[in-house]
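>>> Need coordinates for the following:
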Amino acid sequence: MKKLGKLVVGLAGAAAIGAAAYFAYKKFVAKDVEDDDFDDDLDDFDFDEDEDDSEYVSINIDEEAKDAAEDVKEAVEDAAEDAKDAINDVFGV
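Numbers count the residues shown, from 1 in each chain. I've put the predicted structure just below:
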């Protein structure tokens, strides 16, 4: 019974850490995109096949987003290691 309690507490802790990492990821890295009606946006463009005026836009990811992503990655790795240790402690592996 004692081992079962340790397992439940360990899994609940791992789940809490995983949920915290997920919500941190959603808040800092994956910004919500509004679901607009995309059909209305397509009316603004002129789709002439004869013209090839391609414009390229560079993607600049700011340092704050990179740091936040790295923090989330480290938190997830730490949570996985903690969960692994908790499971090993419970099962004596």
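>>> Show me what secondary structure element comes after the helix or strand of the chain with the lowest mean pLDDT.
Every helix and strand of the chain was ranked by mean pLDDT, DSSP states H and E. The lowest is helix 38-42, at a mean of 55. Read in the C-terminal direction, the helix or strand following helix 38-42 is helix 63-91, with elements assigned using DSSP states H and E.
>>> helices and strands around that following helix, which ones?
Packing partners of helix 63-91 (3 or more CB pairs under 8 Å, 6 or more residues apart in numbering; DSSP states H and E): helix 2-28. Using the backbone N, CA and C atoms, a C-beta is placed for each residue, glycine as well.
>>> The helix it packs on packs against which elements?
Judged by 3+ CB pairs under 8 Å, 6+ apart, helix 2-28 is in contact with helix 63-91.
>>> List the buried residues in the helix it packs on.
Residues of helix 63-91 classed as buried by neighbour count (16 or more other CB atoms under 10 Å): Ala68, Val72, Ala75, Val76, Ala79, Ala83, Ala86, Val90.
>>> again, but for stretch 19-33
Neighbour counts over stretch 19-33 (16+ other CB under 10 Å) mark Ala21, Tyr25 as buried.
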